[in-house]
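> coordinates for the following, if possible.
(one chain, ligands or ions: 2)
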Amino acid sequence: MASDTRDVVVDAAKFAVPRATVSAAGDQSAPGAAIDTQTIGQVTVQDPVMTARQVSVHYGAKKAIADVNIDIGRNSVIAFIGPSGCGKSTFLRCLNRMNDTIAAARVSGTITLDGKDIYDRSEDVVQLRARVGMVFQHPNPFPKSIFENIAYGPRIHGLAPTRADLDEIVQTSLRKAGLWDEVKDRLDQPGTGLSGGQQQRLCIARAIAVDPEVILMDEPCSALDPVATARVEDLIDELRQNYAIVIVTHNMQQAARVSQRTAYFHLGNVIEVGSTNQMFTNPRHKLTEDYITGRFG
Ligand SMILES: Nc1ncnc2c1ncn2[C@@H]1O[C@H](COP(=O)(O)OP(=O)(O)OP(=O)(O)O)[C@@H](O)[C@H]1O
Ligand SMILES: [Mg+2]
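Ligands and ions are numbered 1, 2, ... in the order given. Reported below is the predicted structural model:
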């Protein structure tokens, strides 16, 4: 655990258990009705970029997550932690409708982006996945040049009317991802020829290139060595100036280093949400405490 987070004294009263005032999913007659989230801590934030209310996912008959309520704040990083199989990836995939690609998955509840229901029939899922980008555990560059890896998205989304615009987007995205200096002389070479850490930053640059609001990262460093991990963590900290970031991680130090809020998942439920300082120094739920102290999971 990062030493700078250990000795922070948190006033528990600041993290009073909310009776979150949210509209119950599917209950259009009672917008704003109070529901008991059963989650300890502050699930809501001011001016959230995304909100999830009563979100459940079934794979066939099996319930993977149950009644998840949480807000995603702008310009900040929220970490999802919890034991394997507790539904972190499942919930993350709800946020840009990646579960649509899994035939057995059935999502219920309400998720909004800038106040609009992303599961509405009118939603353009391709646009949604540009606005809510995703970076996976294993870097997955397209089998194309470094340039084309970045240029592909802006081109199909019509973001670059001219070649000069496209060049500009490619350069800016690679700069924001901290990769430009390492690749500027080899833009025509395959993205798959980069090191693992460089490939992951290429994938982050690819997500940035289509001007997202939110970037979802599912264990983005678990395939990287400590040096490459440190670079990606630094990058995450810079990126939050412009984006909301949701990161799933099994690395407690990483959650403590990069995030401002943390949510603890357990057997498909969000047990506790709070500021990362509070979660790691003064967890309020026994299950959270057992997990972050290594007694469970
Ligand atoms: N495509 C799928 N089809 C059927 N069941 C699935 C599928 N994906 C996940 N599950 C099940 O849903 C539950 C939650 O899985 P999920 O992958 O979301 O957990 P996780 O918290 O991300 O775990 P990990 O930390 O190991 O990545 C598990 O019981 C898992 O077996
Ligand atoms: Mg997972």
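> what's the neighbour count on the closest residue to ligand 1 within the stretch 101-250 of the chain?
Per CB to the nearest ligand atom, residue 102 is where the stretch 101-250 of the chain lies closest to ligand 1, at 4.6 Å. Any C-beta I mention is one placed from the backbone N, CA and C, and that applies to glycine too. Counted with other CB atoms under 10 Å, the neighbours of residue 102 add up to 13.
> need the contact list for it.
Contacts here follow CB atoms under 8 Å, 6 or more residues apart in numbering; on that basis residue 102 touches 59, 93.
> where do the strands sit along this protein?
40-41, 50-59, 62-72, 77-81, 105-113, 116-117, 132-135, 214-218, 244-248, 261-266, 269-275 (DSSP state E).
> Serialize those strands to TSV and add fields for mean neighbour count.
Output for those, formatted as TSV (neighbours: other CB atoms under 10 Å):
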stretch	mean neighbour count
strand 40-41	24
strand 50-59	21
strand 62-72	21
strand 77-81	26
strand 105-113	19
strand 116-117	12
strand 132-135	23
strand 214-218	24
strand 244-248	25
strand 261-266	26
strand 269-275	24
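> export those strands as TSV, with columns for distance to residue 227 and mean pLDDT.
Below are those laid out as TSV (distance: least, CB to CB, whole Å; pLDDT from 0 to 100):
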stretch	distance to residue 227	mean pLDDT
strand 40-41	34	96
strand 50-59	32	98
strand 62-72	29	97
strand 77-81	21	98
strand 105-113	35	97
strand 116-117	41	98
strand 132-135	18	97
strand 214-218	18	98
strand 244-248	19	98
strand 261-266	25	98
strand 269-275	29	97
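> quick check: the residue nearest to residue 275 when sequence neighbours are not counted vs residue 276, distance?
Closest residue in space to residue 275, ignoring its immediate chain neighbours: residue 261 at 6.0 Å, by CB to CB, 6 or more residues apart in numbering. Shown here: residue 261 relative to residue 276, a distance of 6 Å by CB to CB, to the nearest Å.
> what do these two both touch?
Residues touching both residue 261 and residue 276 by CB under 8 Å, 6+ apart: residue 79.
> can you lay out the strands of the chain as CSV showing distance to residue 168?
As requested, these are exported to CSV (distance: least, CB to CB, whole Å):
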stretch, distance to residue 168
strand 40-41, 42
strand 50-59, 29
strand 62-72, 29
strand 77-81, 27
strand 105-113, 26
strand 116-117, 29
strand 132-135, 19
strand 214-218, 21
strand 244-248, 24
strand 261-266, 34
strand 269-275, 38
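> pLDDT score for the residue of the stretch 101-250 of the chain closest to ligand 1?
Note on residue 102: pLDDT of 95.
> ok, the nearest residue to residue 178 once chain neighbours are set aside - contacts?
Leaving out its chain neighbours, the residue that sits closest to residue 178 by CB to CB, 6+ apart is residue 235, at 5.2 Å. By CB under 8 Å, 6+ apart, the contact set of residue 235 is 177-178, 201, 204.
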